[in-house]
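>>> using only what follows, build the 3D model:
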Amino acid sequence: MSDLPRKAVTRTAKLAALPLGIAGRATWGLGKRIGGRSAEIVGRELQQRTAEQLFKVLGELKGGAMKFGQALSVFESALPEEVAGPYRAALTKLQEAAPPMPVRTVHAVLEERLGEDWRQLFEEFEDKPSAAASIGQVHRAVWHDGREVAVKVQYPGAGEALLSDLTQLGRFARMLGPLIPGMDIKPLISELRDRISEELDYGLEAQAQRAHAAEFADDPDVVVPDVVHQSDQVLITEWIEGVPLSEVITDGSREERDRAGQLLARFLFSGTARTGLLHADPHPGNFRLLIGGAEDGPPEKWRLGVLDFGTVDRLPDGLPPTIGTALRMTLDGEAEEVHRMLCEEGFVKPSIELDPDSVLDYLLPIIEPARAEEFTFTRGWMRTQAARIADPRSPAHQLGRQLNLPPSYLLIHRVTLSTIGVLCQLGATVRLRDELAAWLPDFVPAETDEEALEEDGTAAGA
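Numbering: from 1, shown residues only. Alright, predicted model coming up:
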């Protein structure tokens, strides 16, 4: 019925062949070097062939394989440049497209979920998908009331495929580890598995999207398309035009990159504060830069379109205040207080003894973007951080291995790292400190706020 391979045997065989293919190419590379070709040239060819096969398979399988590939794609900034080049094109292909379902399969799902007369709900419906993702694909259409809409249709068997893929990928996670230095692949795969049921439930997705659309209605910076109709395996939302962030990354001007980066950082923190929901899938395919025509004015008038609310973290009280407090104290050099808070929150287990000053030395380079008035995120900076933490000889690596990530912070941590990865892909200059001060609880101490108000009052009286 569908070109999504659903049988566990078929999918497992394709994924299981990946380690064998990587080993085979390594042997091929050795043979080429013995034949006299330089290690540099052979290495580059080996990386390119490995990337092409790995992400071709992940994209073809869709499901959890493609979801894993998309999650990895935002971290390509951490790769050394001589390695990143061959991987970059293959990685970014997963952010916007995948092989589509046959038209007959799409029609069958729509008939089953919307009724035999489903065509009467639309004035127009494009059979060719405008985008394809890990568990569904999107078709552009015109709703019966004249609104342009995006119709997301879930792949039949998507749930089974997600579980099968991620189980298989977990079996050789260690082999995939070198793709992203300093990142433990296995917890990423486990966390993706934990989110499967939520992502498959279009009812939950519609609920989260409606909440964001209502909160950001008429917002000057962020656009969230509202939900038009929802049923099992079909989600219909308003259509928005815009430049995909993946295109801004590859071809965007300096103004486009900086504006997209600023708005992405703003949405990360403001969205959670305003809705109690953390958008937890921040890869470039889920964002659009709405530039419009010349009549829309300068870059500060451009807005960020946000799509796909299938994965969210429900934080009714917003981000934990301890994040802002710990961040502020780290910037202020309060080593003892930072260490105490990390112990209280479970980042340092009772059996582990760490030197507070060493903990501070470990954290300060990571939060460097929050120190300056504005910070330019670059692949070079990301690679430096990844190398510092990944190098077994470095004190940062040894200390990092002793830290613990409490379950309640796991998704927040991944979303933050993913967003930073996208900012580095953009090469954006961002006033991150402004967004933290505006939206992150306890980042600016209460007494500072009061002092500022008093100063304003004094100035006004003068």
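
>>> show me the helices in the stretch 301-450 of the chain, by range?
Assigned by DSSP state H, counting those that start in this stretch, the stretch 301-450 of the chain shows helices spanning 321-331, 335-345, 356-363, 379-390, 395-402, 407-426, 432-439, 446-461.

>>> list the buried residues of stretch 100-118.
100, 101, 105, 106, 107, 108, 109, 110, 113, 114, 118 (16 or more other C-beta atoms under 10 Å). Every C-beta, even on glycine, is put in place using the N, C-alpha and C of the backbone.

>>> so how far is residue 110 from the closest residue to residue 158 other than its chain neighbours?
Of all residues not flanking residue 158 in the chain, residue 135 sits nearest, at 4.3 Å (C-beta to C-beta, 6 or more residues apart in numbering). Separation of residue 135 from residue 110 (C-beta to C-beta, to the nearest Å): 16 Å.

>>> just the ones of the buried residues of stretch 100-118 in helices?
105, 106, 107, 108, 109, 110, 113, 114 (DSSP state H).

>>> so the second one sits against residue 128, correct?
No - when contacts are counted by C-beta atoms under 8 Å, residue 106 is not listed as touching residue 128 (10.0 Å).

>>> quick check: neighbours shared by the two?
residue 139 (C-beta atoms under 8 Å, 6 or more residues apart in numbering).

>>> what residues are up against the residue lying closest to residue 430 once chain neighbours are set aside?
Counting by C-beta to C-beta, 6+ apart, residue 430 lies nearest to residue 261, which is 4.7 Å off, once chain neighbours are set aside. By C-beta under 8 Å, 6+ apart, residue 261 lies in contact with 377, 423, 426, 428, 429, 430.

>>> repeat that with 10 Å
By C-beta atoms under 10 Å, 6 or more residues apart in numbering, the residues touching residue 261 are 245, 248, 304, 375-377, 419, 422-432.

>>> got it, and residue 277?
207-209, 211-212, 215, 271, 309, 312-316, 318.

>>> ok, back up a step: I'd like the helices of the stretch 301-450 of the chain laid out as TSV, including mean pLDDT and distance to residue 369.
As requested, the helices of the stretch 301-450 of the chain are arranged in TSV below (pLDDT from 0 to 100; distance: least, C-beta to C-beta, whole Å):
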stretch	mean pLDDT	distance to residue 369
helix 321-331	94	11
helix 335-345	95	18
helix 356-363	94	13
helix 379-390	85	8
helix 395-402	86	17
helix 407-426	89	8
helix 432-439	95	5
helix 446-461	46	20
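
>>> wait, which of the ones you listed is closest to residue 286?
helix 407-426 (9.9 Å; C-beta to C-beta).

>>> tilt between the closest one and helix 432-439?
Going by axes from the mean of the first three to the mean of the last three C-alpha atoms, to 10 degrees, helix 407-426 is angled at 140 degrees with respect to helix 432-439.

>>> any idea of the angle helix 407-426 forms with helix 321-331?
If you take the same axes, to 10 degrees, helix 407-426 sits at 60 degrees to helix 321-331.

>>> what angle sits between helix 407-426 and helix 335-345?
Using the same axes, to 10 degrees, helix 407-426 lies at 120 degrees relative to helix 335-345.

>>> for helix 407-426, buried residues please.
Quick answer for helix 407-426 (16+ other C-beta under 10 Å): 409-412, 414-426.

>>> same question for stretch 331-340.
Judged by neighbour count using 16+ other C-beta under 10 Å, the buried positions of stretch 331-340 are 331, 334, 335, 337, 338, 339.

>>> from the opening residue of that stretch to its closing one, how far?
The first and last residues of stretch 331-340 sit 15 Å apart, counting by C-alpha to C-alpha, to the nearest Å.

>>> please enumerate residues in contact with it?
With C-beta under 10 Å, 6+ apart as the test, stretch 331-340 has contacts from 325-330, 341, 347-348, 354-361, 363-364, 367-368, 370-371, 433, 436, 443, 445.

>>> contact partners of stretch 114-124?
Stretch 114-124 is contacted from outside by 107, 109-112, 125, 139-149, 151, 228-229, 231, 233-234, 236, using C-beta under 10 Å, 6+ apart.

>>> just the buried members of these?
Looking at these with 16+ other C-beta under 10 Å, the buried ones turn out to be 107, 109-110, 125, 139-141, 143, 149, 151, 228, 233-234, 236.

>>> which pair of the residues you listed spans the longest distance?
It's 107 and 228 that sit farthest apart of the buried ones among the contacts of stretch 114-124, by C-beta to C-beta, at 19.3 Å.
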